[in-house]
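> Just a sequence and a predicted model for now, questions to come.
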Amino acid sequence: MNRPSAPPALLHTPGFAHYSLAWSPFHNNRLALASSANYGLVGNGRLHLVSLGHAPGGVPALSLDKYYETQDGLYDLAWSEIHENQIVTASGDGSLRLWDIMLKDFPICVWQEHTREAFSVDWCNIKKDLFISSSWDGTVKLVFATCSTDGTLRIFDLRTPAYVPSGPAANNFTTPLTAAALTVPASGTEVLTLDWNKYRPFVLASAGVDKAIKVWDCRMLKSGPEAAQSQAVGGVCESHLIGHEYAVRKIQWSPHRPDVIASASYDMTCRVWTTTPTAGGTHLLYIHDPHTEFVVGCGWSLYDEGVLASCGWDCKLNVFRV
C-alpha cells in the first residue's frame with residue numbers, strides 16, 4: 001500500500017464545497033465540478049470548469065476556466081456523451097439543467113421533474129441521447145441500477161413490458177415504473193453509491209454507511225423474500241473491501257483495469273483498491289489523504305491510466321497519479 005510521494009495538482013474554490021466531479025469524455029485535460037455554498041445545506045451553487053495543464057518545470061497544475069452560478073446547490077453532474085461542450089447538473093431545487101460551456105451565464109434547457117433535491121445524474125454511454133437522474137423525492141428517471149437509504153440495490157430492466165408507457169400522452173417521466181427486476185439487500189444501513197464495472201458487464205460495486213465496499217455479480221444473486229436472508233448484509237458478495245473509517249460516499253471502477261476501484265469517504269481520504277489480493281494479501285493499494293474535510297467525489301481520468309481526481313468539502317480539487 002502506497003501513499004502519495006508528490007503533492008497533487010490543486011484547485012481551491014473558497015466558499016464552495018464540492019459534491020461531485022467528472023472528466024470530459026472528449027478532452028483528456030478537462031474536468032467539471034458540482035459545488036455548493038454552505039456545504040450544500042442552503043445557498044447558491046456553482047458549476048466549475050477546470051483544465052489540467054503544467055506549470056513551469058512540468059509540474060501538473062489546475063486552472064479554473066469559468067464557472068456558472070445557480071440559485072441552489074449542485075449535487076452532481078455528467079458530461080454529455082454526444083456533445084463535447086454540454087453538461088447536465090442535478091440541483092437542490094429538484095431541477096436538471098443542461099449547460100453549453102461555449103455560452104455564457106444560463107443553461108440551454110431546464111427540466112423540473114423532481115419535487116425534492118435532485119441528488120444524482122449520469123449519462124448513458126450506450127444509448128447516448130439519454131441521461132438518468134434520481135432524487136430525494138424517492139423517484140428515479142430512466143435508471144438501470146439504484147442504491148437507497150433502505151440498504152438495497154435495485155436493478156431495473158427497461159425491456160420488460162412493465163416499462164412500456166401506455167396511452168398517447170404517456171412517457172417515461174409521467175408513467176411511474178416501480179417493478180425492479182432484482183432487489184439485493186446489500187447492507188443493514190444506507191447504501192450511498194454504486195458503479196458498474198467497465199469490463200465485466202454483470203458486476204457492480206456498492207458502498208455506504210457501513211464503511212465497506214462490496215462487489216456483486218448479478219448472475220449470482222436472487223430476488224424476492226426467499227433470497228433476503230442469504231444475501232443480507234453482503235452475504236454473497238464477490239469481494240468485501242474494508243478499511244475506511246467512516247461512510248464511503250463515492251466509488252468508481254477504473255476505466256483501464258477490471259480489478260481496480262477508487263473510493264471517497266467521510267474519513268477525509270480517497271483510496272484505491274484491487275479485487276485481486278496483492279502478494280501481501282491486502283486489497284488496499286493506495287491512500288490519498290491531503291484533504292482536510294469530507295471527500296465526497298472521485299473520478300479516474302479516461303485517457304491517462306493511473307490519474308485520479310478527488311474533491312471534497314474543503315473546497316479543494318486534487319489531481320494525482322496513483
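Right, received. Where do you want to start? Computed from a prediction, not measured in an experiment: that's the story for all the values here.

> For the rest of this, base every contact and every neighbour count on C-alpha atoms.
OK.

> Show me the helices in the stretch 51-200 of the chain, by range?
With DSSP state H, counting those that start in this stretch as the criterion, the stretch 51-200 of the chain has no helices.

> Show me where it dips below the pLDDT cut-off.
160-178 (pLDDT under 70).

> tell me the strands in it, going along the chain?
60-70, 74-79, 86-91, 96-100, 109-111, 118-123, 131-135, 140-141, 145-147, 152-155, 182-185, 191-196 (DSSP state E, counting those that start in this stretch).

> quick one: Leu317 from Ala61, how far?
Distance, Leu317 to Ala61, by C-alpha to C-alpha, to the nearest Å: 11 Å.

> Where does Thr282 sit, in terms of helix or strand?
Applying DSSP states H and E as the criterion places Thr282 outside every helix and strand.

> any idea how far it lies from Gly243?
10 Å.

> quick one: which of those two has more around it?
Taking neighbours as other C-alpha atoms under 10 Å, Thr282 and Gly243 compare with Thr282 leading, 15 against 12.

> give me phi/psi at the more buried one?
phi -100, psi 150 (degrees, to the nearest 10).

> And for the one 5 residues further on?
Here is the backbone geometry of Ile287 (degrees, to the nearest 10): phi -130, psi 130.

> pLDDT value on it, please?
pLDDT recorded at Ile287 is 97.

> repeat for Asn2
pLDDT, Asn2: 70.

> Now do the same contact list for it.
By C-alpha atoms under 8 Å, 6 or more residues apart in numbering, the contact set of Asn2 is 285-287.

> mind checking how far it is from Leu62?
24 Å.

> Next: Asp105.
22 Å.

> how long is stretch 12-26 end to end?
24 Å.

> Residues touching it, excluding its own?
Here stretch 12-26 has contacts from 29-40, 45-46, 74-79, 81, 84, 296-302, 309-317, using C-alpha under 8 Å, 6+ apart.

> What about the nearest residue to Val260 once chain neighbours are set aside, how many residues nearby?
Residue nearest to Val260 in three dimensions, not counting chain neighbours: Thr274, with 4.6 Å by C-alpha to C-alpha, 6 or more residues apart in numbering. The number of residues packed near Thr274 is 20, by other C-alpha under 10 Å.

> Buried members of the contacts of stretch 12-26 into PyMOL, please.
In PyMOL, this line selects whichever of the contacts of stretch 12-26 come out buried by 16 or more other C-alpha atoms under 10 Å:
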select buried, resi 29+30+31+32+33+34+35+36+37+39+40+45+46+74+75+76+77+78+79+81+296+297+298+299+300+301+302+309+310+311+312+313+314+315+316+317
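
> what touches both of Leu317 and Ala61?
Leu10.

> List the ones among the contacts of stretch 12-26 that fall in strands.
30-37, 45-46, 74-79, 296-300, 309-312, 316-317 (DSSP state E).

> For the residue most central in space within the chain, list the residues it contacts.
Nearest residue to the geometric centre of the chain (C-alpha atoms, centre = their mean): Lys250, 5.7 Å. Listed by C-alpha under 8 Å, 6+ apart, the contact set of Lys250 reads 192-194, 207, 263-265, 296-298.

> Identify the bridge partners of Gln86.
Assessed by DSSP bridges, Gln86 has beta-bridge partners Asp100.
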